[in-house]
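Asker: no sequence on this one, just coordinates:
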């Protein structure tokens, strides 16, 4: 049986969902696929490239939005959060891949968010920074949310008032703060 790149990404994504990012190793993946670890390097030069491909697989549901700049930012960020929540440790994995420049989908997300920020009136010099700030919020919020879900699943009794609130409402509140900040920054530059 010939091993294809998509088979490697499928198996790696399944391992991520079953065991988490800490147990997603090239050796374990090779065992799962019944190949030698060297066979994986035919498709991916290193683990970072593999994780970038897994990140892109996780982010497949994220696509462009229609409407005004505000609706596009809110819509894309909501899709991003939903995609991250659909896989174990996805926020951590995507964050690492994003930091290493290994995710093509995140590059597209940044482009879309930067265009929306520019449409809002953010200067060209700051549009990408605005986009990155929004992405950092989504990644950080979702990583925190996934950690909390893991603590809850483990039966931990972590009492905090903010955790008793609806996570979607908390996410929307923070995102709206950022979007309002983009609007205010745009007016300040005018």
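Answerer: Thanks, I have the structure now. Since we're looking at a predicted model, the values are computed, not measured. Numbers count the residues shown, from 1 in each chain.
Asker: which ones are touching residue 29?
Answerer: The neighbours of residue 29, taking C-beta atoms under 8 Å, 6 or more residues apart in numbering as the test, are 8, 11, 12, 15, 40, 50. Bear in mind the C-beta positions are built from the backbone N, C-alpha and C, glycine included.
Asker: in which helix or strand does it reside?
Answerer: helix 26-33 (DSSP states H and E).
Asker: need the next SSE after that helix, C-terminal direction.
Answerer: helix 37-40.
Asker: by contact count, what packs against that next one?
Answerer: The contact analysis (3 or more C-beta pairs under 8 Å, 6 or more residues apart in numbering; DSSP states H and E) places helix 37-40 against helix 26-33.
Asker: and the helix it packs on, average pLDDT?
Answerer: Averaging pLDDT along helix 26-33 gives 95.
Asker: just give me how far the host helix or strand of residue 57 sits from the chain centre.
Answerer: Using DSSP H and E, residue 57 falls within helix 47-58. The chain centroid and the centroid of helix 47-58 are separated by 11 Å under C-alpha atoms, centre = their mean, to the nearest Å.
Asker: ditto for stretch 52-72
Answerer: That offset, for stretch 52-72, works out to 10 Å (C-alpha atoms, centre = their mean).
Asker: okay, how far is it across it, tip to tip?
Answerer: 24 Å (C-alpha to C-alpha, to the nearest Å).
Asker: okay, residue 126: pLDDT?
Answerer: 93.
Asker: kindly report the same for the one 4 residues further on.
Answerer: Confidence per residue is given as pLDDT, and for residue 130 that number is 96.
Asker: nearest residue to it other than its sequence neighbours?
Answerer: Distances taken as C-beta to C-beta, 6 or more residues apart in numbering place residue 117 nearest to residue 130, at 3.9 Å, with adjacent residues excluded.
Asker: neighbours of the one you found, how many?
Answerer: When counting by other C-beta atoms under 10 Å, one arrives at 29 neighbours for residue 117.
Asker: any idea how far residue 185 is from it?
Answerer: 9 Å (C-beta to C-beta, to the nearest Å).
Asker: same question, residue 85
Answerer: Residue 85 sits 29 Å away from residue 185, going by C-beta to C-beta.
Asker: and what of residue 25?
Answerer: Residue 25 is 43 Å from residue 185, by C-beta to C-beta.
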